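Participant: prediction below, plus the sequence it came from.
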Amino acid sequence: MTLSKALVPTQSLPVRALMVLGGSVFIALAAQVSVPMIPVPMTLQTLAILIVGLGYGARMGALTVMAYLAEGAMGLPVFANGGTGLAFAGPTAGFLVGFVGMAWAAGFAADRGVKGAVPVALVALAVSALLYVPGLAWPALVMGKSMPELLSGWMLPFLAGDAVKAVIAALVVSGGWAALKNRA
């Protein structure tokens with residue numbers, strides 16, 4: 001059982017639609033908290049996506065991220081620094097597409113009952129690391145970036161932040177479970 005199902009046991013279609021909308025807005029707001037970096041900014045998107053995936057489960061988490069991406073593709077300024085669908089042709093495209101897998105993988109662990117700060121943090125760290133596969137593949141294949149460029153500009157500067165965000169996501173989700181347990 002996921003945290004969202006524990007909080008809202010009866011999830012009718014309208015409730016689920018509101019959850020997807022709320023989750024996509026949460027991700028969009030987190031994307032606006034941005035530290036300008038070259039070639040891609042550091043944002044809180046991944047933190048929000050981890051929380052959504054870990055809280056909603058694989059299917060709802062991935063669906064929420066797909067809704068977020070669709071909002072951007074339709075021209076809404078939901079991506080980092082108010083970006084729109086043009087971001088799908090820019091340097092962050094691989095990361096954007098990888099967000100769906102990130103939410104799904106985090107949610108898959110949640111669906112399997114992973115709870116507690118340490119196990120959830122380990123899952124969040126692993127899922128964050130996997131995001132670099134599509135994130136780095138795009139600039140390598142489409143933009144012709146070399147491995148040294150990718151490591152020095154696209155990965156290494158973000159690893160510490162990803163670790164912190166993974167721990168924060170784990171604390172938020174495990175804290176949610178603890179609050180539910182104490183409420184009962």
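Facilitator: All right, it came through fine. Numbering: from 1, shown residues only.
Participant: helices or strands up against the lowest-mean-pLDDT helix or strand in the chain?
Facilitator: For the chain, counting by mean pLDDT, DSSP states H and E, strand 34-35 ranks last in confidence among helices and strands (a mean of 90). Of the remaining helices and strands, those touching strand 34-35 by 3 or more Cβ pairs under 8 Å, 6 or more residues apart in numbering; DSSP states H and E are strand 42-43. Using the backbone N, CA and C atoms, a C-beta is placed for each residue, glycine as well.
Participant: so residue 60 is in contact with residue 21, correct?
Facilitator: No. Distance between residue 60 and residue 21: 11.9 Å, which falls outside the contact criterion (Cβ atoms under 8 Å).
Participant: between the two, which one's more packed in?
Facilitator: Neighbour totals were compared for residue 60 and residue 21, and residue 60 leads with 25 against 14 (other Cβ atoms under 10 Å).
Participant: ok, then the element right after whichever strand or helix holds that one?
Facilitator: Assigned by DSSP states H and E, residue 60 belongs to helix 58-73. Elements were assigned by DSSP H and E; along the chain past helix 58-73, the next helix or strand is helix 93-111.
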